[in-house]
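# No sequence on hand, only this structure:
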């Protein structure tokens, strides 16, 4: 069976950065490595010669630490942040089960809240990354091989505080232009940029953002689609 990343790997594996145990289980099953078992946080499961899966844990700090540790311990062809996300308000919103190639991944709440609105770290004069600020684009070659298996390509906001109110969801969408919101991909993108490793983020929508009682979660569908994406890699 041909896999999307095969032309890209050149005898080096790709690192899949996956946050939560149920996401990791879905990915491991899809790549034929269910018997490996879910690794401990920040540990890496070796799924043959092509793919390694690091269980990052949830959130930016976990994602950055786990991926940095993995990338300095092994030579990877690329790192792909893979998981679920919430759809943000948009004129053409993503729906549950749809997939997104996140480009760019945006660290959306690094900054300062003021009476006049949100001010990013870059606007304050100390950007998260000196060249890229808080926005980390997908590697062009990875976009080329992954674009055919996703429903949309567009920005994804990475947050520490998820949007559980309509007002917060609208604010994140307005200042980032993002289609979806997650808790890890921007942090993985930052580490990849620092270490000069090609990066991409893939997300499957599991819910809408906004008022918690109306988010319409369907984790089963999202994990099934996530597994299908992982199997294609």
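Everything's here; your move. All of these numbers come straight from a predicted model, not from anything done at the bench.
# Show residues contacting the helix or strand that contains residue 222.
In this structure, residue 222 sits in helix 219-232 according to DSSP states H and E. With contact meaning Cβ atoms under 8 Å, 6 or more residues apart in numbering, helix 219-232 is reached by 3-4, 16, 22-23, 26-27, 29-31, 82-84, 96-99, 149-150, 202, 204-207. The C-beta positions use only the backbone N, C-alpha and C, and glycine is treated the same way.
# middle-most residue in this structure, spatially?
residue 185 (3.3 Å; Cα atoms, centre = their mean).
# Surely it touches residue 157?
No - using Cβ atoms under 8 Å, residue 185 is not in contact with residue 157; the gap is 9.1 Å.
# Could you give the separation between the terminal residues of stretch 164-184?
17 Å (Cα to Cα, to the nearest Å).
# so what secondary structure elements neighbour the lowest-mean-pLDDT helix or strand in the chain?
Across the helices and strands of the chain, mean confidence by mean pLDDT, DSSP states H and E is lowest for helix 6-9: a mean of 84. Other helices and strands packing on helix 6-9, by 3 or more Cβ pairs under 8 Å, 6 or more residues apart in numbering; DSSP states H and E, are helix 140-146.
# what residues does the helix it packs on touch?
For helix 140-146, contacts defined as Cβ under 8 Å, 6+ apart pick out 4-5, 7-8, 78, 80, 101, 103, 138, 153, 198-200, 202.
# same thing with stretch 33-41?
Applying Cβ under 8 Å, 6+ apart, the external contacts of stretch 33-41 come out as 21, 24-25, 28, 45-48, 51, 53-57, 62, 66.
# Most neighbours among those, which one?
In terms of neighbours by other Cβ atoms under 10 Å, these top out with residue 56 at 31 neighbours.
# what sits against residue 31?
Residue 31 touches 47, 48, 51, 53, 230, 231, 233, counting by Cβ under 8 Å, 6+ apart.
# which one is it nearest to, not counting chain neighbours?
residue 47 (5.0 Å; Cβ to Cβ, 6 or more residues apart in numbering).
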